[in-house]
Each structure stands twice: as C-alpha cells, then as structure tokens.
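> sequence and computational prediction follow.
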Amino acid sequence: MTFLWILLGLVVLAVFAVIGIYNTLVTLRNRYKNAFAQIDVQLKRRYDLIPNLVETAKGYLKHEKGTLEAVIQARNQALNAAGKAAATPGDPQAMGNLKTAEAGLSGALGKLFALAESYPDLKANQTMLSLMEELTSTENKISFARQAYNDAVMEYNIGREKFPNVLLAASFGFTAAALLELESAQERQKPEVKF
C-alpha cells in the first residue's frame, strides 16, 4: 500500500512539473509576441510618416520621380512584410521577409536623403525637418523595440531548450522563434540624416 502512495505521489509530482513547464513556455512565448507587437507599433508609425515625407519632397524633386516611387514601393513591401510578421511573430520565414523588406526600405530612404542634400530649399523646409525628426525618433524606438524582442526571443529559446523542457516543448508545439537581426554590415550603420 505504501508503494502505491509513493507511486501516486510521483505521478502527481510529474503532472505538476509538466504543467509548470508548459506554463513557463506559454509565458515566454507571449513575452516575445508582445515584444514584437511593440516593434509593429513603431514600424506602422514609420510607414505612416514616409508618405508625408515623400509628399513634402515631391514639390522639390519633380525630376526625381523614380526615387520617390521607389521609396513608396519599398514602404508598401515593408508594410506587407510587417503585417505577415505580426501575424506570426518569431516565424523564421516571416522574420526573414521582414528583414529583407526593411533593408530595401532603408536603402530607398537613404537614396532619398542623399538626393535631398542637393536641394537646399528642401533641406530648409520646416515640414521636411519636422518629418525627418519624427522619422529619426521612430528609428530609435524601433531599435529599442527590436532589442527587447530579441531578448525575449532569446529567453524563450533558452527556456524551450533547457532540460527537461526540451523533452516536452516540441510535443506541445513550442518551436524555435527567430531573432530579428540585421542582414548586412551596412544596415548596422546608423543612417546619417542631415537637413
């Protein structure tokens, strides 16, 4: 009879351990999803600023229509990729598509900024200066949010890879989450914005 009580106690202990592991993994997964939601908020803010920036520049850059269209196209691709990444934060393919789209947008904006340098009236435009300041502030917020997301993903991935969690994580559907990393050394450079 004592043996049955010990066995029952071990089974109850094992059930509580499994419940604890499951709840910990759920908490960690929700943390990185919340962290991505913060990135998503800042990206949407950035995407909303870009059309205003392009509209302000249009009057000055009439002969540079291709550059302005490239910025809008890159913005739309990044917005689409961000929407897909927001639907499945941590998914490696969605994160990869977002990184690629963001790299394209950063490149297009870099060309716009370089072009704007040669238009003194545009550089002095108060609306353009205000938009550039907002965009710079948003870029900083995106960087902080990306770091918080990557920290949460790292904590989640470590949590799911620890023993005994690793034995149960896959069977409960806890797959590895992807970091949101920069792809190239050029992207690691802070864009220089002068107006």
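Yep, that arrived. Note that this is a predicted model, so its numbers are computed, not measured.
> every contact and neighbour count from this point should use C-alpha atoms.
OK.
> which helix in the protein has the most residues?
Using DSSP state H to define each element, the chain has its longest helix at helix 2-58.
> mean pLDDT per helix and strand in this protein: which one sits at the bottom?
Comparing every helix and strand of the chain by mean pLDDT, DSSP states H and E singles out helix 185-188 as the least confident one, with a mean of 49.
> circling back to that earlier point, need the residues that contact the next helix or strand after the longest helix of the chain.
Scanning forward in sequence from helix 2-58, with DSSP states H and E defining helices and strands, the next element found is helix 65-87. Contact with helix 65-87 is made by 36-37, 40, 43-44, 47, 50-51, 54, 58, 91, 94-95, 97-98, 101-102, 104-105, 108-109, 111-112, as judged by Cα atoms under 8 Å, 6 or more residues apart in numbering.
> how about a cut-off of 6 Å?
Contacts with helix 65-87, where a contact means Cα atoms under 6 Å, 6 or more residues apart in numbering, come from 94, 98, 101-102, 104-105, 108.
> same question for stretch 38-55.
With contact meaning Cα under 6 Å, 6+ apart, stretch 38-55 is reached by 142, 145.
> low-scoring stretches of the protein, by residue?
Counting by pLDDT under 70, the chain shows low-confidence ranges at 123, 182-195.
> again, only using 80
Under the criterion pLDDT under 80, the flagged ranges of the chain are 58-65, 115-125, 128, 182-195.
> spatially central residue in it, please.
Closest residue to the average C-alpha location of the chain: Ile39 at 4.8 Å, with Cα atoms, centre = their mean.
> show me what contacts Gly110?
If you count contacts by Cα under 6 Å, 6+ apart, then Gly110 has nothing around it.
> and what of Glu102?
Glu102 makes contacts with Ala78, as judged by Cα under 6 Å, 6+ apart.
> what is the burial count for Gly159?
Neighbouring residues of Gly159 were enumerated by other Cα atoms under 10 Å; the total is 19.
> the helix or strand where it lies: how far from the chain's middle?
With elements taken from DSSP H and E, the one containing Gly159 is helix 126-161. Its chain's average C-alpha position is 7 Å from that of helix 126-161, according to Cα atoms, centre = their mean, to the nearest Å.
> name the residues of the helix or strand hosting Gly96 that are buried.
In this assignment (DSSP H and E), Gly96 forms part of helix 92-116. Using 16 or more other Cα atoms under 10 Å as the burial criterion, the residues of helix 92-116 that qualify are 92, 94-113, 116.
> one more: stretch 134-147?
Applying a neighbour-count criterion of 16+ other Cα under 10 Å, one finds 135-136, 138-139, 141-142, 145-147 buried in stretch 134-147.
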